[in-house]
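Participant: all I have is the shape, not the residue letters:
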């Protein structure tokens, strides 16, 4: 009897101990999550409050909210660097490059996802090798190509260039998503007389929407924030330059008004947040579906 | 659906102007009546406002001619210009400083020497002789038209010094060491605010090091290195270490930069700072009122007989590109317009610019800049400061940034003269 009691008590004590350690673990993990979230929010908070502070206040008390906020820095930033024009240019380049990326990546992924041969596996690996090309290594040949084609100092060249860099990731990601589409769906569509184009457009694309959203978001961030090629290839012409090229012109050589620079930086982030909010749910779906599969 | 509609609306609104008014994707800079000027007058500064006004005046006085401005920050400008030059699409005129990469532009054919244009256009008499010397390369070619320069004195906050019991600004090393002790006793974190981790610290280090170097030797060292093998350079660096270890510089100077230095001085927390004229213009009036300018004190046995400062006429020049030479008549009108007394006066008066041209006017709105220009003027038989050699004209382009990075070694406590010299020499081998 006593043995039985001991036997029954032991798990209770263990459960209590495991309950305590579980609560400790819960507390620690939540603490770490909050700490990480704080680490992510802190730069954003600093950016926003600094957009309303004079340079001396930014250096004096970096994390203190503005006591005497300066409201005109946003207007100054937009006016000084013509951020309005730059936003339009960035939107044009990013949207056109995204459209071109999808236009090329969707059919390529569709073909790779449906093929089972060794050749397709080899092709897929070749696509993945695109990751291995460092950005700087491609700069000189890219510049020469731009000069040779007569597209130097144009947005057109960058619109064509950005998808080239984005295709490896886009094709690899989309191929994996399209592989999850059951073959029976394609077979039944074929039975109904669907062409290859119809199968892609009506079956594969709708079912790959989370993947497409992921590719769109990742590429949007890359395209929007692209600096080096935009600076070198498009150049500093106000009528053409992108937002990332316009922004550094708010930095003076010796005495920068950091409030204006911070306000300008905040302006460049607004479209990023809008696009993220729009695509967030689809991307989360994609990530969750990936997790479930694992 | 609503979200999709909103996204479509937002994208359309963003793209519509680009696809209609700015439809052409190539700006086309080949118009013979349009002068493309690549400059670093970043918006928001007093000089950029004056620049815009001067460009407007030019267009009014030259009907049919247009100036198209491309603006980049300093480093970006050089890279963008050089790449554009390789593609044959560079701007007609570049307004940038003479330092690092631009030192080799004439040699490489990236820009056109302007020696004969200066004479042909009758502008030689307008330029300060020292400016012409600085803009002339070893082959005797004038690389660009000198336009603006800078002064680089030491600024003393007399109110802070007086509060610490220092009645007069230090003019000798002993006075400087005593002032450092006094301000530290009064609770300051040092006497001199400095960016020990960037260009501001590098210039001060080089200035202090020159205490025992003849100018010709300093030029040779800046060009070729060999600091560790030069006894006079080592002596100068040992003097720097003495100052550093005596607490002259702000605590943690090796991690500070020019922005923190400026902020400390502007907010009245720094008793002393080495400020270039471009930053003197931004000193708040309440601090400017109690600011006195001078030089950096030198040891009694220095090769200089009085405190030193830096100055130069290399801040901005007007360079002509090979594309610009094809529009040389338009370039001539532009350069003459910028060299006119009216334009120069406007830049000096309204933007506090230190000009490379003669017969300039005062800038009453920028009293510290006016005072800094007058520091070298004869006063009672001699000027208040002597000018040390500015490294920028001699340090090779590839070395410039590594040398600036090596500066923080000098400001780090514990490093002696030899290890600083070795760090500087290493920068030349990187």
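Facilitator: The structure has been received and is ready for your questions. Just so we're clear, the structure is a prediction, and the values are computed from it rather than from any experiment.
Participant: what does the stretch 101-250 of chain A put close to chain B?
Facilitator: Applying C-beta under 8 Å from any C-beta of the partner chain, we find that the stretch 101-250 of chain A lies next to chain B at A:143, A:146-147, A:151-156, A:231-232, A:235-240, A:248-250. From N, CA and C alone the C-beta is placed, and that goes for glycine too.
Participant: so which of those residues belong to strands?
Facilitator: Among those, the subset assigned to strands under DSSP state E is empty.
Participant: drop anything exposed from those residues.
Facilitator: A:143, A:146-147, A:151-156, A:231-232, A:235-240, A:248-250 (16 or more other C-beta atoms under 10 Å in any protein chain shown).
Participant: outline the domain layout of chain A.
Facilitator: The record assigns chain A these domain ranges, following automatic domain parsing: A:2-50, A:73-293.
Participant: ok, so what distance separates residue A:271 from residue A:225?
Facilitator: Going from residue A:271 to residue A:225 by C-beta to C-beta, to the nearest Å gives 11 Å.
Participant: swap in residue A:199?
Facilitator: 35 Å.
Participant: out of those two, which sits in the busier spot?
Facilitator: Taking other C-beta atoms under 10 Å in any protein chain shown, residue A:199 and residue A:225 do not tie; residue A:199 has more neighbours (19 against 16).
Participant: what sits against that one?
Facilitator: A:186, A:189, A:190 (C-beta atoms under 8 Å, 6 or more residues apart in numbering or on different chains).
Participant: low-confidence ranges, chain B, go.
Facilitator: For chain B, the stretches with pLDDT under 70 are B:1-29, B:74, B:376-382.
Participant: for residue 170, which non-adjacent residue is closest in space?
Facilitator: You didn't say which chain, so I picked chain A. residue A:105 (3.9 Å; C-beta to C-beta, 6 or more residues apart in numbering or on different chains).
Participant: wait, I meant chain B there
Facilitator: residue B:176 (4.1 Å).
Participant: which SS state does that neighbour fall under?
Facilitator: For residue B:176, the assignment made with DSSP: H, G, I helix; E, B strand; the rest coil gives helix.
Participant: and the closest residue to chain A within chain B, how many neighbours?
Facilitator: Nearest residue of chain B to chain A, counting by C-beta to the nearest C-beta: residue B:43, 3.3 Å away. Counted with other C-beta under 10 Å, residues neighbouring residue B:43 total 19.
Participant: my guess is it contacts residue A:249. True?
Facilitator: Yes: counting by C-beta atoms under 8 Å, residue B:43 touches residue A:249, with 6.5 Å between them.
Participant: quick check: neighbours shared by these two?
Facilitator: A:80, A:81, B:71.
Participant: which residues of the stretch 151-294 of chain A fall in helices?
Facilitator: For the stretch 151-294 of chain A, helices defined by DSSP state H, counting those that start in this stretch occupy the ranges A:155-179, A:183-191, A:196-198, A:205-207, A:209-225, A:228-229, A:243-246, A:258-293.
Participant: can you lay out those helices as a markdown table showing mean pLDDT?
Facilitator: Putting the helices of the stretch 151-294 of chain A into a markdown table (pLDDT from 0 to 100) gives the following:
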| stretch | mean pLDDT |
| --- | --- |
| helix A:155-179 | 93 |
| helix A:183-191 | 92 |
| helix A:196-198 | 93 |
| helix A:205-207 | 92 |
| helix A:209-225 | 93 |
| helix A:228-229 | 92 |
| helix A:243-246 | 95 |
| helix A:258-293 | 81 |
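Participant: of the ones you listed, flag the one that's most buried.
Facilitator: helix A:243-246 (a mean of 25; mean count of other C-beta atoms under 10 Å in any protein chain shown).
Participant: with adjacent residues omitted, what lies nearest to residue B:395?
Facilitator: residue B:222 (5.1 Å).
Participant: so which strand or helix has that neighbour?
Facilitator: helix B:215-224 (DSSP states H and E).
Participant: residue B:214: neighbour count?
Facilitator: 12.
Participant: neighbours of the residue nearest to it when sequence neighbours are not counted, how many?
Facilitator: In space, and not counting its chain neighbours, residue B:214 is closest to residue B:303: 5.7 Å by C-beta to C-beta, 6+ apart. Neighbouring residues of residue B:303 were enumerated by other C-beta under 10 Å; the total is 19.
Participant: contacting residues around residue B:303?
Facilitator: Per C-beta under 8 Å, 6+ apart, neighbours of residue B:303: B:210, B:211, B:212, B:213, B:214.
Participant: out of the residues you listed, which end up buried?
Facilitator: For the contacts of residue B:303, buried by 16+ other C-beta under 10 Å: B:210, B:211, B:212, B:213.
Participant: residue B:69 belongs to a strand?
Facilitator: Yes: counting by three-state DSSP, residue B:69 falls inside a strand.
Participant: which one of the helices of the stretch 151-294 of chain A lies nearest to residue B:81?
Facilitator: helix A:243-246 (14.1 Å; C-beta to C-beta).
Participant: who touches that closest one?
Facilitator: A:81-83, A:85-87, A:89-90, A:224-227, A:230-231, A:234-236, A:238, A:267-268.
Participant: could you rerun that using 7 Å?
Facilitator: Residues outside helix A:243-246 that contact it (C-beta atoms under 7 Å, 6 or more residues apart in numbering or on different chains): A:81-83, A:86-87, A:90, A:225-227, A:230-231, A:234, A:236, A:268.
Participant: repeat for stretch B:211-219
Facilitator: B:210, B:232-233, B:235-236, B:239, B:298-299, B:302-304, B:389, B:394.
Participant: from the residues you listed, which land in helices?
Facilitator: B:232, B:233, B:235, B:236, B:239 (DSSP state H).
Participant: can you name the residues that contact the second one?
Facilitator: Counting by C-beta under 7 Å, 6+ apart, residue B:233 touches B:209, B:213, B:221, B:227, B:421.
Participant: check the first one too.
Facilitator: Neighbouring residues of residue B:232 by C-beta under 7 Å, 6+ apart: B:212, B:213, B:217.
Participant: how close does the residue nearest to residue B:214 get to residue A:60?
Facilitator: 40 Å.
Participant: now swap in residue B:384 and tell me
Facilitator: From residue B:384 to residue A:60 the distance is 32 Å (C-beta to C-beta).
Participant: which one of the two has more residues nearby?
Facilitator: residue B:384 (19 against 14).
Participant: which residues does the more buried one contact?
Facilitator: Neighbours of residue B:384 in contact, by C-beta under 7 Å, 6+ apart: B:294, B:295, B:306, B:375.
Participant: for residue A:162, same thing?
Facilitator: A:97, A:223, A:226.
Participant: the first one contacts residue A:161, doesn't it?
Facilitator: No: Residue A:97 sits out of contact with residue A:161 when judged by C-beta atoms under 7 Å, with a separation of 8.1 Å.
Participant: overlap in contacts, these two.
Facilitator: What both residue A:97 and residue A:161 touch, as defined by C-beta under 7 Å, 6+ apart, is an empty set.
Participant: nearest to residue B:51 among the contacts of residue B:232?
Facilitator: residue B:213 (37.8 Å).
Participant: buried residues in stretch B:314-328, which are they?
Facilitator: B:314, B:315, B:316, B:317, B:318, B:319, B:320, B:321, B:323, B:324, B:327.
Participant: ok now the longest strand along chain B, how far from the chain's centre?
Facilitator: As assigned by DSSP E, the longest strand anywhere in chain B is strand B:308-320. The chain centroid and the centroid of strand B:308-320 are separated by 7 Å, computed with C-alpha atoms, centre = their mean, to the nearest Å.
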